[in-house]
Each structure stands twice: as C-alpha cells, then as structure tokens.
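Trainee: Dropping a prediction and its sequence here:
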Amino acid sequence: MPLSDDRAVVSIMNENAEFFELRIHAEDGELIYYKQTTKPLNTYQKIFDFKNLENGNYTMDLRIKDTRLLKDFSVSAKGITVGESKLRIDPYFAFADGILKLSYLNFDQEQLNLNIYDEKGLVYETSLGKDFNIASGYDLSALNEGKYEVVISSLKNNFLFSLVK
C-alpha cells in the first residue's frame, strides 16, 4: 500500500467482476473517501495522497457483496504505517416456516445482542454472547403477522434483516 511517506496505492483485483464500495474513515468515524462502482469491475487502482491528512489512525473498508476487507493504517510525521488485513463476513439470516435462522463468524469476538422489532417497537431481545461461531434458531410462530426488523448489534457493528410474517 505505501508508495512513499505520504502516498499510497490501493489495488483491488477480483476473479469475478463485482460491484464494490470502498471507504476510508478516521478513527472517530469521519468519512475521508468513498467510492461505489456503477458497474461490476474486476480491477480498480487509485493512488491516494495522504499528506493533508492529520496524524492519526484510519481504516480502509472494502465491501464486495457480504464480504468486507478491513485494513488499518496510521499517518504520522514518519509516514504511513499499514496494519494487517482483516476479513469480515456479514451474518447469514433465513426465515421460513416461522423459524428465524442466523449464523455469524464473530472474528473480533465482540459481545453481540439480538433485537427483534415490529412497527411498534422492541418485541424480543437476547444476548448472543461473544463466541467466534454464532449459530441460532428462533421460533417466531407466536408473533403476529406483520413486518419485523431483526438486528444483531455490537459496539462497532449493526446488521439488519427484514422479514414479513
């Protein structure tokens, strides 16, 4: 990634052409750069000039479908320092025959919570824990017909699944 003390190159290569989103944000969440493709691409390359960035910690976040690649980097008077890549995959949700199934690989082993909302508010909440592999099923057959939002949340992430019963 570093090209010089204040410039870096980001190269994305994918076997199949896909839509993607690329974000760079500061540690406080401020968005520094955003790119969303308008057509599927196999490759993308951009040189970033970080000389005007304040010293601090940043994250590059590449999303293709339900997969994210995160790379932390820091900018200081000494230049750019790049951390290891972290692969993250969104949770899997399925709803059929009144049963909600979910699974999630909790790479960061964050404390996760599950909340289910109807149009009036919260109808169910539970802790999913912080195990690496989260896999659960919930019998929602007793719920009234209608629209529901299922949210898996941690301090850093929120994942949303909508269902109609």
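Mentor: Nice, thanks for sending it over.
Trainee: Give me the distance between Leu114 and Phe50.
Mentor: 39 Å (CB to CB, to the nearest Å). Backbone N, C-alpha and C define where each C-beta goes, glycine included.
Trainee: how close does Glu110 get to Ile80?
Mentor: 27 Å.
Trainee: any idea where the strands of this structure begin and end?
Mentor: 7-18, 21-26, 31-36, 41-49, 56-64, 67-76, 79-89, 92-96, 99-105, 112-118, 121-129, 133-139, 147-153, 158-164 (DSSP state E).
Trainee: Format these as JSON lines; extra columns: mean pLDDT and mean neighbour count.
Mentor: Listed next are those as JSON lines, based on pLDDT from 0 to 100; neighbours: other CB atoms under 10 Å:
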{"stretch": "strand 7-18", "mean pLDDT": "86", "mean neighbour count": "13"}
{"stretch": "strand 21-26", "mean pLDDT": "94", "mean neighbour count": "17"}
{"stretch": "strand 31-36", "mean pLDDT": "94", "mean neighbour count": "12"}
{"stretch": "strand 41-49", "mean pLDDT": "89", "mean neighbour count": "12"}
{"stretch": "strand 56-64", "mean pLDDT": "94", "mean neighbour count": "17"}
{"stretch": "strand 67-76", "mean pLDDT": "92", "mean neighbour count": "16"}
{"stretch": "strand 79-89", "mean pLDDT": "90", "mean neighbour count": "13"}
{"stretch": "strand 92-96", "mean pLDDT": "97", "mean neighbour count": "14"}
{"stretch": "strand 99-105", "mean pLDDT": "97", "mean neighbour count": "17"}
{"stretch": "strand 112-118", "mean pLDDT": "97", "mean neighbour count": "17"}
{"stretch": "strand 121-129", "mean pLDDT": "96", "mean neighbour count": "12"}
{"stretch": "strand 133-139", "mean pLDDT": "96", "mean neighbour count": "13"}
{"stretch": "strand 147-153", "mean pLDDT": "97", "mean neighbour count": "17"}
{"stretch": "strand 158-164", "mean pLDDT": "95", "mean neighbour count": "13"}
